[in-house]
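# Compute the structure for the input listed below.
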Amino acid sequence: MDSSLAQRCADTARGLTIPALLHRNATERGDLPALSVLGDERTRTWRELRDEIAVLSRGLADLGLSSGDRLLIMMSSRPEHWLVDLAAVHLGAVPSTVYATLSDDQLAFLARHSGAEILVVEKSSDLSRWFAVVDRFRHVIVVDGEGLTLADVAARSDGDLGAFEKTWREVKPEQPVTMLYTSGTTGDPKGVLLTHTNVIYQSVVLEAVVPQVPDNAASLAYLPLAHIAERVLGVYNPIYRTGHVTICPDPTQLLAGLNQVRPVSFFGVPRIWEKFVAGVQAQLAAADPQVKAAVDVAREVALEAYKLRGAEQEVPAELAAKLAVLDEKVLKPLRAKLGLDNMLWAGSGAAPIPVEVLLYLASLGVDVLEVWGMTETTGTATINTPDHFRTGTVGRINAGMELKLAEDGEILVRGPLVAAGYLRADGGIEPITDADGWLATGDVGTLDDEGYLTITDRKKELIINSSGKNISPAQIENLLRAHPLIAQAVAIGDRRPYVTALIVLDEEVVPLWARARGLAGDSAASLAGDPAVLAEITAAVEAANTKLSRPEQVKSFRILPRGWTPETGELTPTLKLRRRVITDRYATEIDKLYGE
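Below you'll find the predicted structure:
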């Protein structure tokens, strides 16, 4: 990346804190919209939002919350979540949102490990999940219910705005602004401490490389606030850019939310994009042949232009003119049905996304740019940008950051986006880097001559078959999930003679696919054993195998009758595979795949 760009980003972020930016928004841009809720007519302006934060902050101070204290929040996406979190930040305290999908034992671990002074839950019934450790908290606040309510906390405020101003001005950029517990695929969660500088620098970098997104742009928040992507894009980036966030409390209403808000930027985890593609494909399969033919022509032209831009070649004027006409008449109406017709920047991350999905979206005029990072890198460490991207890679290192590969291919990074460290049980901070500042990410990748990074696997998830061959399960799974009927897949083969796979069907797409073919069955579970479904999945496996080396090819597979979710334990809250849980739970099915 350009060193001058890195310097500009560093200069812009220097000295800023989240409370200072909120103060700027309230005093200089106070009448602009800040926070709305899907389906609710009320919109809080930046002035109104900060006034509420000030009241809650003084109320929390009356409860004894002060600089350095931790506060746990288990709440759905609603304005009160933003308010409580930011009120604590104005005291120099460290809020931490926890996933509601964690087990009771995991919640108890977080209570003990965090040493949190205050717990905030949504409703009284939530307290049953904290029963074993509720006495560890000095105060428990309930948003809706009995006991100490959020309204009670606000009523405790002394209204001392002078004290409020003094307290937030004492907050330093190097202090933690939040703590996010990484869900992990094994072991206890780790509390990642992110500083004001971390989150503001991330916002500055995003603005620098995606400059066409305007201030006060509309965005939709639908991911849990325990997810680093939503933390940055739903909280800190809108504060930096004075954006307008609309909260989508129910993720199943995402499509309705996109159609109402029509955001100019949107980040989707791969499964979201895969569902969009499957929905468009199902719609076109039932469309009039003439309509489908027109879409096919437009898609072909759009994809040709996309590939030229990806190679950083000029799109010929004739092709650009042809695309402009076809896009307006054919493709834009399709995007409008997804609420993506105003899109200036679309991103994907958190897990691999099949290249086929990216190319299909690009053929609709939606350039989804893959990024890579983790909680410990405050979200994106590498990024594809609208002007510089390579499909199938996760882009180049962010301005001001450094990246190198260890001898075994592990990706190492350092720079201003690397977290302050992990919280220790004694309240101290455990460093996450080596003596030279390098963070070992645990991901394995390759770099091309232009600095574009390709993720090949997780270091600890490599399959080593019985012949000693190293195999990337992520690559295999990514190819399998490219088929719209496949929601999840896990490749098996460690210490085995060949690779097999467990496959989970998409519970929304499969019934639509079956209905279009006149098949009996209205659910993925009822269709898992259907010969036509089996034939389609067999074809998908064979197609994936054509892109794999012989040792990597899937020799046999099993379609499972039910899906995987964080609640059932096979997926983490961020929808990553819990491989150990899956292999233990399906040990019998796996053994059968090997004739055991």
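# Helix, strand or coil: sort out the residue nearest to the spatial centre of the chain for me.
Against the mean C-alpha coordinate of the chain, by Cα atoms, centre = their mean, the closest residue is residue 229 at 4.4 Å. Using DSSP: H, G, I helix; E, B strand; the rest coil, the structure places residue 229 in helix.
# who are the neighbours in contact with it?
Shown in contact with residue 229 (Cβ atoms under 8 Å, 6 or more residues apart in numbering): 223, 267, 269, 349-350, 379. Where C-beta positions appear, they are placed from N, C-alpha and C, glycine not excepted.
# Return the member of those nearest to residue 447.
Closest approach between these and residue 447, by Cβ to Cβ: residue 349, at 18.1 Å.
# Surely that closest one is in contact with residue 267?
Yes - between residue 349 and residue 267 there is a contact under Cβ atoms under 8 Å: 7.1 Å.
# Okay, strands next: where are they in the stretch 251-400 of the chain?
265-268, 345-348, 368-374, 379-383, 396-397 (DSSP state E, counting those that start in this stretch).
# Let's have those in CSV, adding mean pLDDT, mean neighbour count and distance to residue 8.
Shown next, in CSV, are the strands of the stretch 251-400 of the chain (pLDDT from 0 to 100; neighbours: other Cβ atoms under 10 Å; distance: least, Cβ to Cβ, whole Å):
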stretch, mean pLDDT, mean neighbour count, distance to residue 8
strand 265-268, 93, 25, 21
strand 345-348, 94, 22, 20
strand 368-374, 95, 24, 21
strand 379-383, 96, 28, 16
strand 396-397, 96, 23, 16
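# Kindly present those strands as TSV, with separate columns for distance to residue 296.
Shown next, in TSV, are those (distance: least, Cβ to Cβ, whole Å):
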stretch	distance to residue 296
strand 265-268	24
strand 345-348	22
strand 368-374	20
strand 379-383	32
strand 396-397	33
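# now the residue nearest to the centre of the chain: how far from residue 373?
Distance, residue 229 to residue 373, by Cβ to Cβ, to the nearest Å: 9 Å.
# residues bridging contact with these two, i.e. touching both?
Contacts common to residue 229 and residue 373, judged by Cβ under 8 Å, 6+ apart, are 349, 379.
# can I see the domain layout of the chain?
Split into domains by automatic domain parsing, the chain comes to 18-171+214-263, 270-459, 462-593.
# what's the neighbour count on residue 120?
Applying other Cβ atoms under 10 Å, we find 28 residues neighbouring residue 120.
# picking up where we left off before, out of the domains of the chain, nearest to residue 189?
domain 18-171+214-263 (6.8 Å).
# low pLDDT regions in this protein?
1, 183-187, 466-470 (pLDDT under 70).
# Just give me the closest of the contacts of residue 229 to residue 389.
The closest of those, once distances to residue 389 are taken by Cβ to Cβ, is residue 349, at 13.5 Å.
# Look up how far residue 188 lies from that closest one.
24 Å.
# So which residues of the stretch 401-550 of the chain form helices?
473-481, 509-516, 524-527, 531-545 (DSSP state H, counting those that start in this stretch).
# So which bits of the first helix or strand past the last one going along the chain are buried?
In other words, helix 531-545. Counting by DSSP states H and E, the element after helix 531-545 in chain order, helix or strand, is strand 554-560. If you call a residue buried by 16 or more other Cβ atoms under 10 Å, then strand 554-560 has these buried ones: 554, 557-560.
# picking that back up, can you tell me which of the helices of the stretch 401-550 of the chain is packed in deepest?
Each of these was scored by mean neighbour count; the highest is helix 473-481, a mean of 23, by mean count of other Cβ atoms under 10 Å.
# Give me the distance between that helix and the centre of its chain.
19 Å (Cα atoms, centre = their mean, to the nearest Å).
# so where's the longest helix in this structure?
Counting residues, the longest helix in the chain under DSSP state H turns out to be helix 289-310.
# For it, list the C-alpha coordinates in PDB.
Extracted C-alpha coordinates of helix 289-310, given in PDB (Å, rounded to 0.1, in the frame of the first residue of the first chain):
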ATOM      1  CA  PRO A 289     -37.900 -17.900 -21.400                       C
ATOM      2  CA  GLN A 290     -37.600 -14.500 -23.200                       C
ATOM      3  CA  VAL A 291     -37.000 -12.800 -19.800                       C
ATOM      4  CA  LYS A 292     -34.400 -15.400 -18.900                       C
ATOM      5  CA  ALA A 293     -32.600 -15.000 -22.200                       C
ATOM      6  CA  ALA A 294     -32.500 -11.200 -21.800                       C
ATOM      7  CA  VAL A 295     -31.000 -11.600 -18.300                       C
ATOM      8  CA  ASP A 296     -28.400 -14.100 -19.600                       C
ATOM      9  CA  VAL A 297     -27.300 -11.600 -22.300                       C
ATOM     10  CA  ALA A 298     -27.000  -8.800 -19.800                       C
ATOM     11  CA  ARG A 299     -25.200 -11.000 -17.300                       C
ATOM     12  CA  GLU A 300     -22.600 -12.000 -19.900                       C
ATOM     13  CA  VAL A 301     -21.900  -8.400 -20.700                       C
ATOM     14  CA  ALA A 302     -21.600  -7.400 -17.100                       C
ATOM     15  CA  LEU A 303     -19.300 -10.300 -16.300                       C
ATOM     16  CA  GLU A 304     -17.000  -9.400 -19.300                       C
ATOM     17  CA  ALA A 305     -16.700  -5.800 -17.900                       C
ATOM     18  CA  TYR A 306     -16.100  -7.100 -14.400                       C
ATOM     19  CA  LYS A 307     -13.300  -9.300 -15.500                       C
ATOM     20  CA  LEU A 308     -11.600  -6.500 -17.300                       C
ATOM     21  CA  ARG A 309     -11.800  -4.200 -14.300                       C
ATOM     22  CA  GLY A 310     -10.400  -7.000 -12.100                       C
END
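# So which bits of it are buried?
294-295, 298-299, 301-303, 305-306, 309-310.
# got JSON lines for the residues you listed, with distance to residue 244 too?
JSON lines is the format used below for the buried residues of helix 289-310 (distance: Cβ to Cβ, whole Å):
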{"residue": "294", "distance to residue 244": "36"}
{"residue": "295", "distance to residue 244": "33"}
{"residue": "298", "distance to residue 244": "32"}
{"residue": "299", "distance to residue 244": "32"}
{"residue": "301", "distance to residue 244": "34"}
{"residue": "302", "distance to residue 244": "29"}
{"residue": "303", "distance to residue 244": "33"}
{"residue": "305", "distance to residue 244": "31"}
{"residue": "306", "distance to residue 244": "29"}
{"residue": "309", "distance to residue 244": "29"}
{"residue": "310", "distance to residue 244": "31"}
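# circling back: for the domains of the chain, which one sits closest to residue 9?
Smallest distance to residue 9 across the domains of the chain (Cβ to Cβ): 5.2 Å, for domain 270-459.
# Now do the nearest residue to residue 501 once chain neighbours are set aside against residue 493, distance only.
Once flanking residues are discounted, residue 501 sits nearest to residue 557: 4.3 Å by Cβ to Cβ, 6 or more residues apart in numbering. Going from residue 557 to residue 493 by Cβ to Cβ gives 12 Å.
# Name the residues contacting each of the two.
Contacts common to residue 557 and residue 493, judged by Cβ under 8 Å, 6+ apart, are residue 500.
# Show me the helices in the stretch 151-300 of the chain, by range?
Going by DSSP H, counting those that start in this stretch, the stretch 151-300 of the chain shows helices at 161-169, 196-209, 228-230, 237-241, 254-261, 270-285, 289-310.
# Let me know which of these is the nearest to residue 418.
helix 196-209 (7.8 Å).
# So what are the sheet partners of the lengthiest strand in the chain and their directions?
The longest strand of the chain (DSSP state E) is strand 439-447. Its sheet considered, strand 439-447 pairs with strand 410-414 (antiparallel), strand 453-458 (antiparallel) by DSSP bridges.
# Thanks again, I'm all set now.
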